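In: After the sequence you'll find the predicted model.
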Amino acid sequence: MTLNNRFSLVSLLAVCTLQMAATEYTVKIKNDYLIFPVSHERERSRLTLECEGMEPLPIDIRITDGTPDYLTFKDVSAFKGKSIKIKADDSVKGLKAITQSDNLPDNESIYKEANRPQYHFTTRRGWINDPNGLIYHNGEYHLFYQHNPYERDWGNMHWGHAVSPDLVH
């Protein structure tokens, strides 16, 4: 093997190692929430959260390492003390911008934003679809809906459930 070939092989291995480091990140869970910085100037990437005792969770999200448009979250309180591996399907610079907190991001301003409806049901964060069911049972109204808790656009379908005694509170 010539010196050029050895240099090329070493360069290739270094690039592959850097790419692997950029697309996989392991964090020990110490707090209740993983906080994701989201920017709609970025394209969506697929993140997968993996942890012992949890099914792998794919999340399509516009993660950023720059200034986010907003912060969103995933409750990981059930996994405190364990390590979660965060994998990306491509080179995402924002993986290390994911932080942890015991408080929801922007908790003081949630439900007080300028354009948030005050007399209609809304979720803390994310996109919400039309209600899929309103049921009255044992003195409470139950509202079921689909939503994306990670972005303001369609995707990452989750079922949501809200409960109210009077459809106002």
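Out: It's in.

In: How is Leu95 assigned, secondary-structure-wise?
Out: helix (DSSP: H, G, I helix; E, B strand; the rest coil).

In: Ramachandran coordinates for the residue lying closest to it once chain neighbours are set aside?
Out: Setting aside the residues directly before and after it, Leu95 is nearest to Tyr25 in space (Cβ to Cβ, 6 or more residues apart in numbering), at 4.2 Å. Just so you know, the C-beta spots here come from the backbone N, C-alpha and C atoms, and that holds for glycine as well. Reported as degrees, to the nearest 10, the phi and psi values for Tyr25 are phi -150, psi 130.

In: neighbours of Tyr25, just the number please.
Out: Tyr25 has 18 neighbours, counted by other Cβ atoms under 10 Å.

In: Contacts only, for it.
Out: 85-86, 95-96, 98 (Cβ atoms under 8 Å, 6 or more residues apart in numbering).

In: Now do the SS call for the residue nearest the centre of the chain.
Out: Closest residue to the average C-alpha location of the chain: Tyr150 at 4.7 Å, with Cα atoms, centre = their mean. What three-state DSSP gives for Tyr150 is coil.

In: Likewise for the one 3 residues further on?
Out: In three-state terms, and counting by three-state DSSP, Asp153 is coil.

In: so it touches Gly126, yeah?
Out: No: using Cβ atoms under 8 Å, Asp153 is not in contact with Gly126; the gap is 9.0 Å.

In: more crowded one of those two?
Out: Gly126 (21 against 13).

In: That one and Tyr141, how far apart?
Out: Using Cβ to Cβ, to the nearest Å, Gly126 is found at 22 Å from Tyr141.

In: burial measure for Asp60, as a count.
Out: 15.

In: mind starting the numbering at 21 from now?
Out: Let's use 21 as the start, then, which means that last one is Asp80.

In: Next, work out how far apart Arg82 and Arg145 are.
Out: According to Cβ to Cβ, Arg82 and Arg145 sit 13 Å apart.
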